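Trainee: predicted coordinates and the sequence they were generated for:
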Amino acid sequence: MLKLFRRNKADIDSLSVPNFGWELIKESDSIRQWINPEKTTAISVNFFDAEPDIPSPKNLDQLRKFYRDQIIQQNGGLIEVSVSEIKGFESVKTIFKIPQEPKGTMYLASLVFPFRKFSFVVKIQVPEMGITGIRELAISERLLSQNEISKGEYGFIGWSRDPYDASVRGGEQMNKSEEEIYDAEFPDHPLSIIRKILESIETQVEFGTKLERAKKLID
């Protein structure tokens, strides 16, 4: 009976994502990780054999606060925290930014698939490389000329804020150049790359039969 239970239990192989033919650099019972040929972008599937430690996706405000509090401790900020259904499975999408030393920004994204007794987290990380700030400079100059932002004593007025709560202070908050509408103009920017990879994963992720059974237990 115990062997049968283990055979029917979800594991790292129960969820698969497109890996784009990249090099597999980590493989264990809890993680699969791939890196692109340029060694700049990493994707991983992480399996956590324990109850999810995030707030319920049904309380989106609480979920956003949970992630916001964590990322502000790293002087970062939220780009997106949203909830959706992918191929019948509930998912939480997150995109964060964290400033790097001596310059540049690391963008981190994830798709979380929570189940009652376990969870999967697909992670993507892309840092700014080479010359940084080109997207920010181009968009800030455009918005200044259009009077959508203005110069203030400590920087641009109306340039950055938390995407969900204007009263939030602290961290490196999302700025207007990081809005998705500008991705097409800057396809090589790490945030544009992150969003494109997320889109591919959302359409190509595959859920094994063990996850179908686990989902039915929740429903």
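Mentor: Ah, there it is.
Trainee: mind checking the pLDDT average for the longest helix along the chain?
Mentor: Assignment by DSSP state H gives helix 190-204 as the longest helix of the chain. Mean pLDDT, helix 190-204: 98.
Trainee: helices of the chain, start to end?
Mentor: Under DSSP H, the chain gives helices at 2-8, 60-72, 134-145, 190-204, 209-218.
Trainee: just put those helices in a markdown table and tack on mean neighbour count.
Mentor: Where you see a C-beta, it was placed from the backbone N, CA and C, and this is true even at glycine. As requested, these are arranged in a markdown table below (neighbours: other CB atoms under 10 Å):
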| stretch | mean neighbour count |
| --- | --- |
| helix 2-8 | 8 |
| helix 60-72 | 16 |
| helix 134-145 | 16 |
| helix 190-204 | 17 |
| helix 209-218 | 13 |
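Trainee: now those helices as JSON lines including distance to Asp162?
Mentor: Listed next are the helices of the chain as JSON lines, based on distance: least, CB to CB, whole Å:
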{"stretch": "helix 2-8", "distance to Asp162": "43"}
{"stretch": "helix 60-72", "distance to Asp162": "7"}
{"stretch": "helix 134-145", "distance to Asp162": "17"}
{"stretch": "helix 190-204", "distance to Asp162": "16"}
{"stretch": "helix 209-218", "distance to Asp162": "31"}
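Trainee: so which of those comes closest to Gly88?
Mentor: Across those, Gly88 has its closest neighbour in helix 209-218 (7.1 Å, CB to CB).
Trainee: who's in contact with the closest one?
Mentor: For helix 209-218, the surrounding residues in contact (CB atoms under 8 Å, 6 or more residues apart in numbering) are 8-11, 14-15, 88-89, 113, 115-118.
Trainee: show the average pLDDT along it.
Mentor: 78.
Trainee: then that helix to PDB, C-alphas only?
Mentor: Extracted in PDB, the C-alpha atoms of helix 209-218 (Å, rounded to 0.1, in the frame of the first residue of the first chain):
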ATOM      1  CA  THR A 209      -1.700  12.800 -14.600                       C
ATOM      2  CA  LYS A 210      -0.600  12.800 -10.900                       C
ATOM      3  CA  LEU A 211      -1.300  16.600 -10.900                       C
ATOM      4  CA  GLU A 212      -4.700  16.000 -12.400                       C
ATOM      5  CA  ARG A 213      -5.600  13.600  -9.600                       C
ATOM      6  CA  ALA A 214      -4.200  16.100  -7.000                       C
ATOM      7  CA  LYS A 215      -6.300  18.900  -8.500                       C
ATOM      8  CA  LYS A 216      -9.500  16.800  -8.300                       C
ATOM      9  CA  LEU A 217      -8.800  16.300  -4.600                       C
ATOM     10  CA  ILE A 218      -8.800  20.000  -4.100                       C
END
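Trainee: count the residues that sit near Glu148.
Mentor: 14 (other CB atoms under 10 Å).
Trainee: ok, it to Gly158 distance?
Mentor: 7 Å (CB to CB, to the nearest Å).
Trainee: quick check: neighbours shared by the two?
Mentor: Joint contacts of Glu148 and Gly158 (CB under 8 Å, 6+ apart) are Lys176.
Trainee: how many residues are close by the closest residue in space to Ser150 that isn't next to it in sequence?
Mentor: Among residues not flanking Ser150 along the chain, Ile157 sits closest, at 4.7 Å (CB to CB, 6 or more residues apart in numbering). Using other CB under 10 Å, Ile157 has 11 neighbouring residues.
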